[in-house]
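Asker: Sequence first, predicted coordinates after that:
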Amino acid sequence: MEDLRSSNGKFRRHNAPNTSHSQDDGDDGYQDSVPVNHGCTIETCKRCSSEYNHFTRLPDEILVYNIVSKLETPELCLLKLVCKRFHRLVEEYFRHMRALDLTKWNFMITQQGLNHIIKHASCLLELRLDRCWTAATEANLLTIAKRCQNLRALTLSMCKSVTDFAVTVLSQNCTQLEELDLSSCFMLSDEGVCNIARFCQHLRELHLSSDYGVTDISVRELAENCHSLEELDVSYCYKVTNSSVREFVTNQKSSLKLLRIKNCTGVTQDVVEKLFVKGITVNNMF
């Protein structure tokens, strides 16, 4: 660093050139000067240019399985902005993704962000969107139904946009579902649940707690059609009574093992005892 006196008598600072690395006399093929952490650029620094070249020459497979696959969803979205190559690699990673859990990012994921992921993630088998109420709109649920038809597990608890129409379209397209959580989806009624029972007959686990529109009609339809169902949660569905729950006792094809009926005051102790005799665990406490 040297100080030079200007014409008005004051001193101005002048940075001496950085000579810590040798200069590259050849053309490295980069048009832009990319700054690096020690003050030089890829364009002027031979060492940095060499390191950058080694990185960019890595095969796509190495970048995807050793870098892209280790990142969280928000980081993947940022990585897409780096360059066209990473944009393509992230989308390729989404296309082969088997499981996606956005529950812990529920406060960050937007409707547009979820839509962009889902439209590429056609191979998803497991999708968890609990509490992602801003992102799990009816439009996005319809996109899931269209693009993710191989789903085996889908959780949408506390998503306010889950409607009977969206659930019907999902059940018609995602017929291989084995686990479905629609707890605290207050717009859901018998119409949607009955369509689940008709189209998703491979269900093994279904959560409907605090869905106040669910009645005996839904439970009876599930008992008659979903013979693989092993766990059913209708806690706080106060319209569920003995009338439908008794179906799991009389239906010989039923595989039910666990029934949650907390605050279902219409289910009496004598029916609970019959369920126990059938080998069904009844949880009416929590």
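Answerer: Thanks, I have it.
Asker: quick one: the helices in the stretch 151-286 of the chain?
Answerer: 164-173, 190-199, 216-225, 242-245, 247-250, 269-278 (DSSP state H, counting those that start in this stretch).
Asker: cool, and the stretch 1-150 of the chain?
Answerer: 46-56, 60-66, 73-79, 84-96, 111-118, 138-147.
Asker: now for the last one, which elements pack on it?
Answerer: Using 3 or more CB pairs under 8 Å, 6 or more residues apart in numbering; DSSP states H and E as the contact criterion, the neighbours of helix 138-147 among helices and strands are helix 111-118, helix 164-173. Where you see a C-beta, it was placed from the backbone N, CA and C, and this is true even at glycine.
Asker: got the domain boundaries for the protein?
Answerer: 1-57, 58-96, 98-286 (automatic domain parsing).
Asker: quick revisit: out of the helices of the stretch 1-150 of the chain, flag the one nearest Ala153.
Answerer: Nearest to Ala153, of all the helices of the stretch 1-150 of the chain, is helix 138-147, at 12.4 Å by CB to CB.
Asker: Quick check: buried residues in the closest one?
Answerer: Within helix 138-147, the residues that qualify as buried are Glu138, Asn140, Leu141, Ile144, Ala145, Arg147, counting by 16 or more other CB atoms under 10 Å.
Asker: Spatially nearest residue to the last one (excluding sequence neighbours)?
Answerer: The one in question is Arg147. In space, and not counting its chain neighbours, Arg147 is closest to Ser122: 5.2 Å by CB to CB, 6 or more residues apart in numbering.
Asker: Any figure for the gap between Ser209 and Glu231?
Answerer: 12 Å (CB to CB, to the nearest Å).
Asker: between the two, which one's more packed in?
Answerer: Ser209 (21 against 18; other CB atoms under 10 Å).
Asker: what sits against Tyr93?
Answerer: Contacts here follow CB atoms under 8 Å, 6 or more residues apart in numbering; on that basis Tyr93 touches Val64, Val68, Ser69, Leu76.
Asker: Ala99: how many residues sit nearby?
Answerer: Ala99: 12 neighbours (other CB under 10 Å).
Asker: List the beta-bridge partners for the residue nearest to it when sequence neighbours are not counted.
Answerer: What sits nearest to Ala99 in space, not counting adjacent residues and going by CB to CB, 6+ apart, is Glu126, at 4.0 Å. Counting by DSSP bridges, Glu126 forms beta bridges with Ala99, Ala153.
Asker: Pull up the per-residue confidence for Glu126.
Answerer: Looking at Glu126, its pLDDT stands at 97.
Asker: That one contacts Leu102, correct?
Answerer: No - using CB atoms under 8 Å, Glu126 makes no contact with Leu102, being 11.4 Å away.
Asker: and the two? which has more neighbours close in?
Answerer: Leu102 (21 against 17).
Asker: residues touching the more buried one, list them.
Answerer: Thr73, Ile109, Leu114, Arg128, Leu129, Cys132, Ala135.
Asker: could I get the helices of the stretch 151-286 of the chain as CSV with mean pLDDT?
Answerer: Compiled in CSV, the helices of the stretch 151-286 of the chain are given as follows (pLDDT from 0 to 100):
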stretch, mean pLDDT
helix 164-173, 97
helix 190-199, 97
helix 216-225, 97
helix 242-245, 96
helix 247-250, 95
helix 269-278, 95
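Asker: May I see those helices arranged in a markdown table, with mean neighbour count and distance to Arg57 as well?
Answerer: Shown next, in a markdown table, are these (neighbours: other CB atoms under 10 Å; distance: least, CB to CB, whole Å):
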| stretch | mean neighbour count | distance to Arg57 |
| --- | --- | --- |
| helix 164-173 | 21 | 42 |
| helix 190-199 | 21 | 50 |
| helix 216-225 | 22 | 56 |
| helix 242-245 | 20 | 64 |
| helix 247-250 | 17 | 62 |
| helix 269-278 | 14 | 64 |
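Asker: got JSON lines for these, with distance to Tyr236 too?
Answerer: As requested, those are exported to JSON lines (distance: least, CB to CB, whole Å):
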{"stretch": "helix 164-173", "distance to Tyr236": "19"}
{"stretch": "helix 190-199", "distance to Tyr236": "15"}
{"stretch": "helix 216-225", "distance to Tyr236": "14"}
{"stretch": "helix 242-245", "distance to Tyr236": "15"}
{"stretch": "helix 247-250", "distance to Tyr236": "19"}
{"stretch": "helix 269-278", "distance to Tyr236": "17"}
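Asker: Okay then, goodbye and thanks.
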